[in-house]
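1. missing the sequence, but the structure's below:
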């Protein structure tokens, strides 16, 4: 995953004072995801996915549409969620389409680091045409994605510092 003239790339990592097992159990749940996004955003779960978990989601099949909501109630984007890979270890790779992106690839890993763990998010994306035709649009899209994931990691560090 790397960026170029037509696609963006962001990588964010955080060291946490909790075991990889503890971190994975939190960051792969709807509650954990929405804690990371909050209070600025919330992500709905696709219809019919209530009994699914990261371990049971079928690979390479669209799970459904998740809405991204500003302040928890204003829809501003969506994610046609598709899990492409799971593992090895504490790892997933999502390859989806978003309302704002023709291509979205999100890899998250949780690995041991000392007595805790390190969480890394790698994001590669191709913004929709309205970001590509505006001068500086790809830089703006990359800055937005970076800001969202910096926020998520700040929330993760705060949660596991307790």
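-> Happy to help now that I have it. Owing to the predicted nature of the structure, the values given are computational and were not obtained by experimental measurement. Numbering: from 1, shown residues only.

2. which other helices and strands contact the least confident helix or strand in the chain by mean pLDDT?
-> Of all the helices and strands that make up the chain, the one with the lowest confidence by mean pLDDT, DSSP states H and E is helix 129-133; it has a mean of 81. Contacts of helix 129-133 with other secondary structure elements, assessed using 3 or more Cβ pairs under 8 Å, 6 or more residues apart in numbering; DSSP states H and E, are made with helix 137-161. (Glycine included, C-beta is placed from N, CA and C.)

3. average pLDDT for the helix it packs on, rounded please.
-> Within the predicted structure, the mean pLDDT of helix 137-161 is 97.

4. for it, name the packing helices and strands.
-> Secondary elements touching helix 137-161 (3+ Cβ pairs under 8 Å, 6+ apart): strand 8-16, helix 20-27, helix 30-37, strand 116-127, helix 129-133.

5. where does the residue lying farthest from the centre of the chain fall, helix, sheet strand or coil?
-> For the chain, the largest distance from the centre (Cα atoms, centre = their mean) belongs to residue 135, which lies 26.2 Å off. Reducing the assignment to helix, strand or coil with DSSP: H, G, I helix; E, B strand; the rest coil, the entry for residue 135 is coil.

6. related to what we said a few turns ago, who wins for proximity to residue 52 among the helices and strands packed on helix 137-161?
-> helix 30-37 (10.2 Å; Cβ to Cβ).

7. next, the angle helix 137-161 makes with that closest one.
-> Between the axis of helix 30-37 and that of helix 137-161 there is an angle of 120 degrees, by axes from the mean of the first three to the mean of the last three Cα atoms, to 10 degrees.

8. for the nearest residue to residue 146 once chain neighbours are set aside, give me its contacts.
-> Leaving aside its sequence neighbours, residue 146 sits nearest to residue 10 (Cβ to Cβ, 6 or more residues apart in numbering; 4.8 Å). Contacts were defined as Cβ atoms under 8 Å, 6 or more residues apart in numbering; by that measure residue 10 touches 121-123, 142, 145-146, 149.
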